[in-house]
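[1] Here's a sequence, model it:
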Amino acid sequence: DGAINFTASHNPAQYHGLKFSSADAGPALPEITKDIEARASEMALRGGALPMPHGASKANPSEKVNLRQNYLKRLEELVRFECLKKADLRFAVDALHGCGSGYLDRTLSDHGVGVAAIRTDRDCLFDGTGPDVSEENLAPLRKVVLDSKATAGLATDGDADRFGIVDRDGTWIQPNLILALVYDYLVETRQWKMPAARSVATTQMIDAVAKSHGQGVHQTPVGFKYIGQLIREDKIALGGEESAGLTILGHIPEKDGILACLLVAEMIAARGASLREQIRATYQKLGREFWPVRENLHLSDEQKANAVGKVGVDSSTLLGRKVVSVDRTDGAKFVFEDGSWMLLRLSGTEPLLRLYVEAETAAASAKLTSEATKWVLQS
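    Residues are numbered from 1 along each chain as shown. Have a look, this model is predicted:
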């Protein structure tokens, strides 16, 4: 009927909580989680859950199962391991003390791929930094990649649903760019002539790749449950979010960091090029570049209320730029005349206002980020 995951997701240990998955292993949709919350509130008002009847545990014995083999077998159907083995590459793998340990590293080595694995031991405080696959948290992986001259570094977060990638020169690669590359690769190698899906906060490089293949893109609110629904309906080849979540056609309707890392490894093996080389080649193919940025703004309640009021106004110009469209799928996304855009939305999981920006050059993205931040902080 479903599953309960005990997890803080990519957040530090103090965020520990429950995540409910539906029977198809996808994230439960809001109507289900709201129903669970309502029932829990009602039970709390009545003094908490009723004690189990005496002897109930004997009548309903629990069963301990190991799902590892079923899962690894499915990965063999989705990933071209023969391509990886033939390429004779070596990867550095970082489990960040999370539950991905013994999966990504093991399945690579079981298929004859060289692996150097770190942080595979259990540490429920995750080195005190949290199990997020951020550039900062993956500094130890970067060191291993450079020291061992690995082809790339592959990482999964605490509950292994997000991916982190470090190129062979030690550069942390933006998840946005990985999504666009993997989608392009899957359409080419699997002949999946199908659309992609991305959240409103994710790079429009995916749209440009889709267009180059004669395909469209489904835009969703932030939250993988919306992408999961499109996977359930077999409508997309790949669904992804800029926060390092990815799944593909034929897999569960939930993000999977282990699968994402394996697809990146396969793509490097098949194309025989570093990720930075692949990004440059894709920019060339698309005729433009994409430089996404995300900033987390820690604001007071007053500043937040002020920002929400500001973005609620429709305007034909903003920050001295002509606005061509405003999208309120989730927060407020302003698209400008030159194709650059900015999105402001309150985080659903942390006390933050998130600012997302994308422009055609690193300098233009930095300028837009700086101007947008000043605009938000002005009273």
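[2] which regions of the protein sit below the pLDDT cut-off?
    54-60, 379 (pLDDT under 70).
[3] all helices of it, in order?
    30-45, 56-59, 68-78, 81-87, 104-110, 139-148, 175-190, 205-212, 224-232, 257-271, 275-286, 301-311, 362-377 (DSSP state H).
[4] what's the closest of those helices to residue 345?
    helix 301-311 (8.8 Å; C-beta to C-beta). All C-beta spots, glycine's among them, are computed from the backbone N, C-alpha and C.
[5] quick one: that closest one to helix 362-377, angle?
    Counting by axes from the mean of the first three to the mean of the last three C-alpha atoms, to 10 degrees, helix 301-311 lies at 110 degrees to helix 362-377.
[6] In TSV: the helices of the chain, plus mean neighbour count.
    Shown next, in TSV, are the helices of the chain (neighbours: other C-beta atoms under 10 Å):
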stretch	mean neighbour count
helix 30-45	11
helix 56-59	8
helix 68-78	12
helix 81-87	16
helix 104-110	20
helix 139-148	18
helix 175-190	23
helix 205-212	22
helix 224-232	22
helix 257-271	24
helix 275-286	16
helix 301-311	14
helix 362-377	16
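[7] out of these, nearest to residue 160?
    Of all the helices of the chain, helix 257-271 comes closest under C-beta to C-beta, at 4.9 Å.
[8] helices or strands next to that closest one in the packing?
    The helices and strands touching helix 257-271, judged by 3 or more C-beta pairs under 8 Å, 6 or more residues apart in numbering; DSSP states H and E, are helix 68-78, helix 81-87, helix 104-110, strand 152-156, strand 163-167, helix 175-190, strand 245-248, helix 275-286.
[9] In JSON lines: the ones you listed, plus distance to residue 127.
    As requested, the helices and strands packed on helix 257-271 are exported to JSON lines (distance: least, C-beta to C-beta, whole Å):
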{"stretch": "helix 68-78", "distance to residue 127": "25"}
{"stretch": "helix 81-87", "distance to residue 127": "29"}
{"stretch": "helix 104-110", "distance to residue 127": "18"}
{"stretch": "strand 152-156", "distance to residue 127": "13"}
{"stretch": "strand 163-167", "distance to residue 127": "14"}
{"stretch": "helix 175-190", "distance to residue 127": "21"}
{"stretch": "strand 245-248", "distance to residue 127": "23"}
{"stretch": "helix 275-286", "distance to residue 127": "26"}
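[10] what sits against residue 13?
    Neighbour list for residue 13: 124-126, 130 [criterion: C-beta atoms under 8 Å, 6 or more residues apart in numbering].
[11] any chance of those in CSV, with neighbour count and distance to residue 149 too?
    Listed next are those as CSV, based on neighbours: other C-beta atoms under 10 Å; distance: C-beta to C-beta, whole Å:
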residue, neighbour count, distance to residue 149
124, 11, 33
125, 12, 31
126, 22, 27
130, 21, 29
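[12] tell me which of those is nearest to residue 327?
    Nearest to residue 327 among the contacts of residue 13, with distances taken as C-beta to C-beta, is residue 130, at 30.8 Å.
[13] tell me the phi and psi of that closest one?
    Phi and psi for residue 130, reported as degrees, to the nearest 10, are phi 100, psi 160.
[14] hmm, back to that, using CSV, please lay out the helices of the chain together with distance to residue 338.
    Listed next are the helices of the chain as CSV, based on distance: least, C-beta to C-beta, whole Å:
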stretch, distance to residue 338
helix 30-45, 36
helix 56-59, 64
helix 68-78, 39
helix 81-87, 39
helix 104-110, 40
helix 139-148, 34
helix 175-190, 19
helix 205-212, 15
helix 224-232, 28
helix 257-271, 30
helix 275-286, 16
helix 301-311, 20
helix 362-377, 8
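[15] Quick check: phi and psi at the nearest residue to residue 200 once chain neighbours are set aside.
    Nearest in space to residue 200, with sequence neighbours left out and distances taken as C-beta to C-beta, 6 or more residues apart in numbering, is residue 329 at 4.5 Å. Per-residue torsions, residue 329: phi -60, psi -40 (degrees, to the nearest 10).
[16] mind starting the numbering at 104 from now?
    I'll keep to 104 as the first residue from here, and by that count the last item is residue 432.
[17] What distance do you get for residue 432 to residue 321?
    For residue 432, the distance to residue 321 equals 11 Å [C-beta to C-beta, to the nearest Å].
[18] Next: residue 288.
    For residue 288, the distance to residue 321 - C-beta to C-beta - is 19 Å.
[19] Likewise for residue 139?
    In terms of C-beta to C-beta, residue 139 sits 27 Å off from residue 321.
[20] Residue 249 too?
    Relative to residue 321, and taking C-beta to C-beta, residue 249 is found at 38 Å.
[21] Could you break this structure into its assigned domains?
    106-144, 171-389, 394-480 (the TED database).
[22] Give me the contact list for stretch 453-466.
    114, 304, 306-307, 345, 391-402, 406-407, 410, 434, 436, 441-450, 468, 470-472, 475-476, 479.
[23] got it, and stretch 328-341?
    127, 129-133, 282, 285-286, 289-290, 293, 295, 297-302, 321, 323, 342-344, 348-352, 354-357.
[24] Derive a ChimeraX selection command for the buried subset of the residues you listed.
    Selection of buried members from the contacts of stretch 328-341 for ChimeraX, criterion 16 or more other C-beta atoms under 10 Å:
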select :129,130,131,282,285,286,289,290,295,297,298,299,300,301,302,321,323,342,343,344,348,349,350,351,352,354,355,356,357
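[25] before we move on, the earlier item: count of neighbours near the residue nearest to residue 303?
    16 (other C-beta atoms under 10 Å).
[26] contacting residues around it?
    303, 322-324.
[27] ditto for residue 292
    When contacts are taken as C-beta under 8 Å, 6+ apart, residue 292 is in contact with 183, 373.
[28] just residue 392 next, same as before
    Counted by C-beta under 8 Å, 6+ apart, residue 392 has contacts 386, 463-464.
[29] how about 6 Å then?
    The contact partners of residue 392, taken as C-beta atoms under 6 Å, 6 or more residues apart in numbering, are 386, 463.
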